[in-house]
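K.L.:
Mind folding the following:
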Amino acid sequence: MSVSYMEINLNALRHNLRVIRQHLPKEVNCLAVVKANAYGHGAKETLRIALEEGYTSAAVARVEEGAELRDAGFTCPIYVLGLPLPEDMPIGVNKDLIMPVDDTVDLDSLEAIAAVSKKTIEVMLPIDTGMNRIGTHPEDVPALLEKLKNYPHIHAHGTFTHMATADHKEKDAALKQLDRFDEAISHMPVDENFVISSANSAGVIDIPRSWHNLARPGIILYGPQPSDVMTNKLDLQYAMSVISHVTHVQTLHKGEAIGYGGTYVAKEDMKTATVPIGYADGYHRSLSNKGVVLINGKRCPIVGRICMDQFMVAVDDDVVPGDEVVLMGKQDDEEITVDEIATTAETIPHEIFCDLKRIPRVFVEK
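P.N.:
Now for the predicted structure:
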C-alpha cells in the first residue's frame, strides 16, 4: 500500500444515501450527484451503492464525466449539469446523456447531431431564478418552448434550477427563487413524466417546497452538513479519511527555522516529523502554521510552510518514522473533520474533498 492514501468507507456512503432517501417522500425520486469523481470519493463506487439504495439516476458536471459512467456500464439516466458546447454534443448524444439547454445553446448543432444519429434526445431546461450562472429567465421560457418546436429531435425531459442561499438560516431569498421557478414551470408542458428539480443538499434537508419530483443531494452524500447555521440536520457519517506516515524525525534547536521562508522559528529545542503529502496532493498551503494532524492519538500542529510534496509537524519524543498520520478522519479518541480543515483553510468542505486528486483511494467497508 502507498505511504499515503485516502480511505473511502463504503458503509458510511451507504448510510448517508439511505438516511437521505428515507428523509424524502417515496414519490420524490432521488439522484446522486457524482460530479468531480463524487467529490473525490469515487463516482463509480458511489453510484453503484446509490442505485442499490433506490436512487434512480446520476448527475455530473460535464459530458465527459457522464461518458465515463456509461463506459463503466451504468444504464441509468445521467444528467449533465453544465451547458454543452457543440464539441460536447456528439458524445452527449452518443452516450444518451440528458444535457441542459437554455436560450444560449446552439440548438441547430444539437438537432443536426441528433438527426444524423437517428435519436430523439432528452434535454433539461435550466432556469435562472437568481443564481445568475446559467439558464433561461422565467419570462423568456415561452419563447424558448416555441423555439424548441422547430427541433423534432430535441425533447424537453424536464426543468431545474439552483438555489444560491438554501444553506442560510434565513430562507427568504431561496423561497423567492422558488417563486420564480414556479413562474417558469407555469409555462411548461408539465405531465406525470416531466421532471422538476430544485432541491440541492440544503433544500433536501430544510426546504420541502423544493423537493418536487426529483431531489439532487450532493455534499451530504459524503458526510458534511451543507452549513453550520441551518436549523435542521441529518444523521450523516464522514466517508473519507486521509492517512499518511512519518518519513523523518529530527530535533529542531531553539532559534532554528523550518521550511520555505523560515516562517516558523523554534522557541526551544523540539522534535519535528516530516509527512510526505503537500499542496501537489491537494493539501492546502493555507494550512501552513495553522493546520493539525493526528499521530499516536494526539493533535500535532503543522510548523512551517506546506511544501509541494511534504510538510512538517511538531511532535513528542515518542514519534518515529513509520508512525501513522491522520490528516482527515479518526485516530483513537481524536478526530479531524473536513469541516475543521475547511474552516482553518478558509474554504468549504467541497473544495477540500475535490482537491485531493493525487492521493490513491482505498475502498473499505467498516
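K.L.:
Spatially nearest residue to residue 209, not counting backbone neighbours?
P.N.:
Computed as C-beta to C-beta, 6 or more residues apart in numbering, the closest residue to residue 209 that is not its neighbour in sequence is residue 178, at 5.8 Å. Where C-beta positions appear, they are placed from N, C-alpha and C, glycine not excepted.
K.L.:
Give me the contact list for the helix or strand hosting the one you found.
P.N.:
Per DSSP states H and E: residue 178 is located in helix 172-185. Outside helix 172-185, the residues that touch it by C-beta atoms under 8 Å, 6 or more residues apart in numbering are 127, 129-131, 136, 138-139, 141, 159, 161, 163-166, 168, 196, 198, 202-203, 207, 209-210.
K.L.:
Could you give me the PyMOL selection string for whichever of those residues are buried?
P.N.:
The buried residues among the contacts of helix 172-185 can be selected in PyMOL (16 or more other C-beta atoms under 10 Å) with this line:
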select buried, resi 127+129+130+136+138+141+159+161+163+164+165+166+168+196+198+202+203+207+210
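K.L.:
which ones among the contacts of helix 172-185 are found in helices?
P.N.:
Using DSSP state H, 141, 202-203 are the members of the contacts of helix 172-185 that sit in helices.
K.L.:
Of these, which is the nearest to residue 287?
P.N.:
Residue 287 lies nearest to residue 202 out of those, by C-beta to C-beta, at 26.3 Å.
K.L.:
Would you confirm that the closest one contacts residue 166?
P.N.:
Yes: the pair residue 202 / residue 166 is scored as a contact, 3.7 Å apart, by C-beta atoms under 8 Å.
K.L.:
Now tell me what touches stretch 314-325 from outside.
P.N.:
243-249, 270-273, 275, 293-296, 298, 300-301, 303, 313, 331.
K.L.:
can you tell me which of the ones in helices among the contacts of helix 172-185 lies nearest to residue 283?
P.N.:
residue 202 (27.2 Å).
K.L.:
And that closest one, how close does it get to residue 217?
P.N.:
From residue 202 across to residue 217, the span is 10 Å (C-beta to C-beta, to the nearest Å).
K.L.:
Please point out which parts of stretch 289-306 sit buried.
P.N.:
291-296, 300, 302-306.
K.L.:
ok, residue 215 - how many residues close by?
P.N.:
Neighbour count of residue 215, defined by other C-beta atoms under 10 Å: 24.
K.L.:
For it, give me its contacts.
P.N.:
By C-beta under 8 Å, 6+ apart, the residues touching residue 215 are 24, 28-31, 197, 199, 203-204.
K.L.:
Just list whatever residues bridge to it.
P.N.:
Judged by DSSP bridges, the bridge partners of residue 215 are residue 30, residue 199.
K.L.:
Kindly format the C-alpha coordinates of stretch 225-238 as PDB.
P.N.:
C-alpha atoms of stretch 225-238 as PDB (Å, rounded to 0.1, in the frame of the first residue of the first chain):
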ATOM      1  CA  GLN A 225     -23.800  19.200   6.500                       C
ATOM      2  CA  PRO A 226     -24.500  22.000   3.900                       C
ATOM      3  CA  SER A 227     -23.700  24.600   6.500                       C
ATOM      4  CA  ASP A 228     -23.400  25.100  10.300                       C
ATOM      5  CA  VAL A 229     -26.200  27.600  10.500                       C
ATOM      6  CA  MET A 230     -29.100  25.500   9.300                       C
ATOM      7  CA  THR A 231     -31.600  24.600  11.900                       C
ATOM      8  CA  ASN A 232     -32.100  21.000  10.700                       C
ATOM      9  CA  LYS A 233     -29.500  18.400  10.200                       C
ATOM     10  CA  LEU A 234     -29.400  14.700   9.100                       C
ATOM     11  CA  ASP A 235     -27.500  11.900  10.800                       C
ATOM     12  CA  LEU A 236     -24.600  11.700   8.400                       C
ATOM     13  CA  GLN A 237     -21.200  10.000   8.600                       C
ATOM     14  CA  TYR A 238     -18.000  11.200   7.000                       C
END
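K.L.:
Need the residues that contact it.
P.N.:
Contacting residues not belonging to stretch 225-238 are listed as 9, 12, 15-16, 19-20, 23, 166-169, 200-202, 205-206, 219-220, 222-224, 329, 337-339 [C-beta under 8 Å, 6+ apart].
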